[in-house]
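Chemist: coords please:
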Amino acid sequence: MNGILDWINTHQQIIYIVVLMIFVGIEVIGRVPSVLHTPLMSGANAIHGVVIIGAIIVMGKAETDNYAALILGFLAVVLGTLNVVGGFVVTDRMLEMFKKKGR
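Modeler: Below is the predicted model of the structure:
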């Protein structure tokens, strides 16, 4: 328990920044009109490609006995990939709406 409290005490500024980023992100996304959500998500998926590459680099440089880095890297790769693929599917559906319907 003391190890967790020491880690929190050491990384207190980073924790504050992450919590602040969460609240700012919720406020920014909450104020976007519904019409813009799909194009905004489509653009954000390109950023997740960078997250996937970063996670692969973290997993590649992690020590074999550092399970926390390996698990977090694996989760980042899986969740980033799901977000990118889902974004492409949603973008494809959005673009299908603008095509003229055939007979």
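
Chemist: got the contact list for residue 85?
Modeler: Shown here is residue 85, which makes no contacts under the criterion CB atoms under 8 Å, 6 or more residues apart in numbering. For the C-beta atoms, the positions are set from N, CA and C on the backbone; glycine is no exception.

Chemist: now it: how far from residue 73?
Modeler: 19 Å (CB to CB, to the nearest Å).

Chemist: Just give me how far the lengthiest helix in the chain sits from the chain centre.
Modeler: In the chain, assigned by DSSP state H, the helix with the most residues is helix 67-97. Mean-position distance between helix 67-97 and its chain equals 8 Å (CA atoms, centre = their mean, to the nearest Å).

Chemist: Quick one: mean pLDDT for that helix?
Modeler: Average pLDDT, helix 67-97: 84.

Chemist: Kindly report the same for stretch 28-44.
Modeler: 71.

Chemist: First-to-last residue distance for it?
Modeler: Stretch 28-44 has an end-to-end distance of 13 Å (CA to CA, to the nearest Å).

Chemist: Buried residues of the longest helix of the chain, list them for me.
Modeler: By neighbour count on 16 or more other CB atoms under 10 Å, the buried set for helix 67-97 is 73, 76-77, 80, 83-84, 87, 91.

Chemist: closest to residue 57 among these?
Modeler: Ranked by distance to residue 57 (CB to CB), the buried residues of helix 67-97 are led by residue 73 at 8.6 Å.

Chemist: Check the gap between the nearest residue to that closest one once chain neighbours are set aside and residue 83 for me.
Modeler: Residue nearest to residue 73 in three dimensions, not counting chain neighbours: residue 59, with 3.6 Å by CB to CB, 6 or more residues apart in numbering. According to CB to CB, residue 59 and residue 83 sit 18 Å apart.
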